[in-house]
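Chemist: Need coordinates for the below:
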Amino acid sequence: MGYGLVSVTGQQLSLLEMNVLKLNPKKDQHTRLELIHRKVTELIIEFRPTTFAIEAPFFGKNVQSMLKLGRAQGVAIAAAIQAGLEVCEYSPKKVKQSITGNGNADKDQVWSMLQRILSIKGTPDYLDASDALAVAICHYYQTNSLVPTNAAGKAKGWEDFLRQNSHRIKNQ
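Modeler: Next up is the predicted model:
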């Protein structure tokens, strides 16, 4: 299970932690679920996040894998709810689209963009950690508009945006 935490100061993102929780496949599933709950709770206590974002389950062909994944996600979500955090879910396609602009991007493309966004050097040992980090940044992008809004809410289009930001237009 990968996890990634980011800090936001103004509109500046910075990496707090990115890692994986390695679960021993020889342990029974209930013990592994307990370890997930414990780890999520420890991260919440240590970093005091304000929201919790998770990748929504994707539909695969193996029903047993889907069941195990759903249970693991449920336990992580329960730990977040227990801590009073708002929980948001994003589809894998939405995460990739938010990070790379392409909902069909591969893991290497996502990692490359994460390196640029957060000025990270090197490659993580496990791409599950970078997946989790991508979910965190996707959540930031989805909840923080980069386009200024008007008093009634959001800008209604480019014309509205340009009208509100005429000082930014440079005529050549």
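Chemist: Taking the centroid of this protein, which residue is nearest it?
Modeler: Centroid-nearest residue in the chain, with Cα atoms, centre = their mean: residue 135, separated by 1.7 Å.
Chemist: hang on, isn't that one packed against residue 51?
Modeler: No - Residue 135 is beyond contact range of residue 51, at 11.2 Å (criterion: Cβ atoms under 8 Å). C-beta coordinates here come from the backbone N, C-alpha and C atoms, glycine included.
Chemist: In this structure, mark out all the strands, start to finish.
Modeler: 2-9, 12-20, 51-55, 86-90 (DSSP state E).
Chemist: JSON lines for those, including distance to residue 110, mean pLDDT and mean neighbour count?
Modeler: Output for the strands of the chain, formatted as JSON lines (distance: least, Cβ to Cβ, whole Å; pLDDT from 0 to 100; neighbours: other Cβ atoms under 10 Å):
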{"stretch": "strand 2-9", "distance to residue 110": "12", "mean pLDDT": "94", "mean neighbour count": "17"}
{"stretch": "strand 12-20", "distance to residue 110": "13", "mean pLDDT": "94", "mean neighbour count": "15"}
{"stretch": "strand 51-55", "distance to residue 110": "12", "mean pLDDT": "96", "mean neighbour count": "19"}
{"stretch": "strand 86-90", "distance to residue 110": "13", "mean pLDDT": "96", "mean neighbour count": "16"}
